[in-house]
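> here you go, sequence then predicted model.
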Amino acid sequence: MSRLVSHLDTRSETFRLNATHNRSLAEELHRMQQTARHSRPQRDIERLERQNKTIPRERLKLLLDPGTPFLELSTLAANMAYEGEAPGASQITGIGIVAGREVVIHADDASVKGGAWYPLSVKKIVRALDIAIENRLPVIHLCDSAGGFLPLQSDLFADRYYAGRIFRNQSILSKMGVPQLSVVLGHCTAGGAYIPALSDYNVIVRGTGAIFLGGPPLVKAATGEIVTVEELGGADMHTTVSGTADYPAANEPHAFAIAREIAGTWTRPEKARVNLRDPEPPAYDPEEIYGILPRDSRTVFDMRELIARMVDGSRFHEYQPSYGTTLVCGFAHIWGSPIGILANNGVLFNDSSLKGAHFIQLCDKNRTPLLFLQNITGFMVGREYERRGISKDGAKLIMAVSGASVPKFTVNCNGAFGAGVYGMSGRAFDPRFLFTWPGAGTSVMGAEQAANVLSEIKIRQLEREGRTLTEEEIAAIRDPVLDDYKRQQSAYFATSEIWDDGVLDPVDTRNALGICMSAALNAPIDDPHYGVFRL
């Protein structure tokens, strides 16, 4: 496999300005992540200390194998919701190593509203369990939640993908034979009681852990019965009387020691067989990605330059290099795992759509996972292209993306708009993982296009009524639309709403993909099969 030849001029003014801009975006990302992870009112820290509880992220250190990576997911969930009162959506989720096993971790963050579940908390938990189902990964729940955030109950309780989906997913995991372990570190109230009850194993900390459908105040209000927390749902009652819990623990370190022993008994799955090789670093410095990405997402650049700084040895076997040139397709390895890459070098035309569909089928037949690097404004429009069948050819690409049986991974590198999101395996097409880079955006169309279209409609409507608008009046219509679109298409809005699995510093992408690709191979790869391609 030949090595990509970079044509990047690292001494140019453009490179320098791009690097400065993108490094500042990465620094802002890390600052926001640090705040979401660690910035809490002192009163909340003191409350946990009074309750003899460990800070949530310190719990992870007690659970995870020392020196192993933890890929945190959706760190900035809810960063633009709830007036900033629920950093991380009051949840910590990710993939880590416990007793040598790859696991999904779901932890309530009791330093945020006592670990109460907001609507986006539920979405984040459901997503973590979806990842466990798709990749057949065991789950460890660290339970410490006040239950659903009642003022917003209508947005988290009744619908298909609301709180009930958590328990449905737990049941599906059990049906699949994928183990789950709960460590009950605080109260598991109302629906939260079902998380340990639906787990294969659970450990409960004496004195702080409790499991009950209704706490003492609710019991008193409903039945008049006066009962203490320990009598109602404490460790001794549940491990000696009800059998709801399995192992009592004297304190949190003891609980995590038991949890690690349990995880150590789990059978290691046989991973899907792919053509693994010894990994090697890229031949080009990944830090140079900062100088490649343009300051304006509308500026064209060669996606091969990104690929050269992400894949093993910068080696890339390009498929049909002279055909459908606005879509780069080819084979590479990342951390020793084979990968088929599709990367946008412009708008998707008929030929690039057909090329992509064929390449996906080749990868699927060869059991090669797929990586989509999004940098796409959409499919080409216009009379000539419709006559050539752009809708039909775009549908072929969408059919191939949807039907592929191999694991898919998606990174929004610079922007993803319109139906191009569909052709490049957006969230609706079930990539195993989807990440966004800080400067990337996504929406039905770009902010400038949307502002122009919507203001033009309004202007024509007013002209039919006999009104002629001044430049100032046109700006008054256009500017609010532009501002609103820019806000809603930003990476931080997308990750706040959990449209992705997190915002990545571009230089961390290779490592994140390595973890994701390894996790995905825990699930078997089905034989390829597709629906009807319109020929």
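Sure thing, it's come through. Numbers count the residues shown, from 1 in each chain.
> where exactly do the strands run in the stretch 151-300 of the chain?
180-189, 201-205, 210-212, 247-249 (DSSP state E, counting those that start in this stretch).
> take those strands and write them to a markdown table, including mean neighbour count, distance to residue 141 and mean pLDDT.
(Glycine included, C-beta is placed from N, CA and C.) What follows is those, written out as a markdown table (neighbours: other C-beta atoms under 10 Å; distance: least, C-beta to C-beta, whole Å; pLDDT from 0 to 100):
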| stretch | mean neighbour count | distance to residue 141 | mean pLDDT |
| --- | --- | --- | --- |
| strand 180-189 | 26 | 4 | 96 |
| strand 201-205 | 26 | 8 | 98 |
| strand 210-212 | 25 | 12 | 95 |
| strand 247-249 | 21 | 14 | 98 |
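> and of those strands, who's closest to residue 107?
strand 180-189 (8.9 Å; C-beta to C-beta).
> and the strands of the stretch 151-300 of the chain: which comes nearest residue 289?
The nearest among the strands of the stretch 151-300 of the chain, by C-beta to C-beta, is strand 180-189 at 37.7 Å.
> any chance of the strands of the stretch 151-300 of the chain in CSV, with distance to residue 325 too?
CSV is the format used below for these (distance: least, C-beta to C-beta, whole Å):
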stretch, distance to residue 325
strand 180-189, 48
strand 201-205, 54
strand 210-212, 60
strand 247-249, 60
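> to residue 310, which of those lies closest?
strand 180-189 (33.6 Å).
> which stretches of the stretch 1-150 of the chain form strands?
With DSSP E, counting those that start in this stretch as the criterion, the stretch 1-150 of the chain has strands spanning 71-73, 91-98, 101-108, 139-145.
> contacts for the shortest one?
By that I understand strand 71-73. 92-96, 124, 127-128, 131, 501-502, 512, 515-516 (C-beta atoms under 8 Å, 6 or more residues apart in numbering).
> most neighbours, which of those?
Using other C-beta atoms under 10 Å as the neighbour criterion, residue 501 leads the contacts of strand 71-73 with 30 neighbours.
> could I get stretch 266-282 in CSV with only the CA atoms?
Output of stretch 266-282 as CSV, limited to C-alpha atoms (Å, rounded to 0.1, in the frame of the first residue of the first chain):
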residue,chain,number,x,y,z
TRP,A,266,-16.8,-12.3,32.5
THR,A,267,-15.9,-14.4,29.4
ARG,A,268,-13.9,-12.4,26.9
PRO,A,269,-15.8,-12.4,23.6
GLU,A,270,-14.3,-13.7,20.4
LYS,A,271,-13.8,-10.6,18.2
ALA,A,272,-14.9,-10.3,14.6
ARG,A,273,-12.0,-11.4,12.4
VAL,A,274,-10.5,-8.7,10.3
ASN,A,275,-7.0,-8.4,8.7
LEU,A,276,-5.1,-6.8,11.6
ARG,A,277,-1.6,-5.6,11.2
ASP,A,278,1.0,-4.1,13.6
PRO,A,279,0.1,-0.5,14.0
GLU,A,280,2.4,2.3,13.0
PRO,A,281,2.1,6.1,13.5
PRO,A,282,1.3,8.4,10.5
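> buried residues in the one helix or strand residue 353 maps to?
When secondary structure is defined by DSSP states H and E, residue 353 falls within helix 350-365. Residues 350-361, 363-364 are the ones in helix 350-365 that count as buried (16 or more other C-beta atoms under 10 Å).
> now the closest residue to residue 336 other than its chain neighbours: phi and psi?
In this structure, residue 336 finds its nearest non-sequential neighbour in residue 279, 3.9 Å apart by C-beta to C-beta, 6 or more residues apart in numbering. Backbone torsions of residue 279, given as degrees, to the nearest 10, read phi -70, psi 150.
> helices or strands up against the longest helix anywhere in the chain?
Longest helix in the chain, counting residues (DSSP state H): helix 13-38. Contact analysis of helix 13-38 by 3 or more C-beta pairs under 8 Å, 6 or more residues apart in numbering; DSSP states H and E lists helix 289-292 as its packing neighbours.
> again, only this time at 10 Å
Judged by 3 or more C-beta pairs under 10 Å, 6 or more residues apart in numbering; DSSP states H and E, the packing partners of helix 13-38 are helix 56-63, strand 71-73, helix 289-292, helix 491-496.
> pull up the pairing partners for the shortest one, direction included.
Each strand pairing with strand 71-73, determined using DSSP bridges, is listed with its direction: strand 91-98 (antiparallel).
> and the strand it pairs with with helix 56-63, angle?
Interaxial angle of strand 91-98 relative to helix 56-63 (axes from the mean of the first three to the mean of the last three C-alpha atoms, to 10 degrees): 20 degrees.
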